[in-house]
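J.: Model the following, please.
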Amino acid sequence: MLSVTHLKIPQQTLAELCQQWHISELALFGSALTEDFHEDSDIDLLVSFAPDARQGLLTLAKIKHQFEEIFHRKVDLVVKAAIEEGDNWIRRQEILNSAVTIYES
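T.: This next block holds a predicted model:
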């Protein structure tokens, strides 16, 4: 089990979920990586999909819900491709430079 700050990450469960949804990379960013992370904090996840993965809105909602069940807290799910293509270069730089990969296929 990987631990980042006070967050215990069940690697096997994460790997199974990522494989199920064809997630090629999963990373943490935001408060989960800082001392500002506390009991009520949500978890910010940056997700990259395999080229053959379905990424519709319903799929993203299901994935988000499953991550919330794993972590027992609210999750913000952000698709890496959307950040990379976004107009807000400050947000893009902040997220991409601080993200810590917790799963990679």
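J.: which residues of this structure fall in strands?
T.: All strands of the chain, identified by DSSP state E, fall at 2-4, 7-9, 23-29, 43-49, 75-79, 100-104.
J.: Least confident of these, on average?
T.: Among these, strand 2-4 carries the lowest mean pLDDT, a mean of 52.
J.: so where's the chain shaky on pLDDT?
T.: By pLDDT under 70, the low-scoring segments of the chain are 1-6.
J.: run the last query once more with 90
T.: 1-11, 31-40, 52-56 (pLDDT under 90).
J.: Where is the longest helix in it?
T.: Taking DSSP state H as the criterion, the chain has its longest helix at helix 57-71.
J.: That helix - contacts with which helices or strands?
T.: helix 11-20, strand 43-49, strand 75-79 (3 or more Cβ pairs under 8 Å, 6 or more residues apart in numbering; DSSP states H and E). All C-beta spots, glycine's among them, are computed from the backbone N, C-alpha and C.
J.: re earlier: closest to Phe67 out of the strands of the chain?
T.: Between Phe67 and the strands of the chain, the tightest spacing by Cβ to Cβ is seen for strand 75-79, at 4.5 Å.
J.: what's the angle from that closest one to strand 23-29?
T.: Interaxial angle of strand 75-79 relative to strand 23-29 (axes from the mean of the first three to the mean of the last three Cα atoms, to 10 degrees): 120 degrees.
J.: All set now, cheers.
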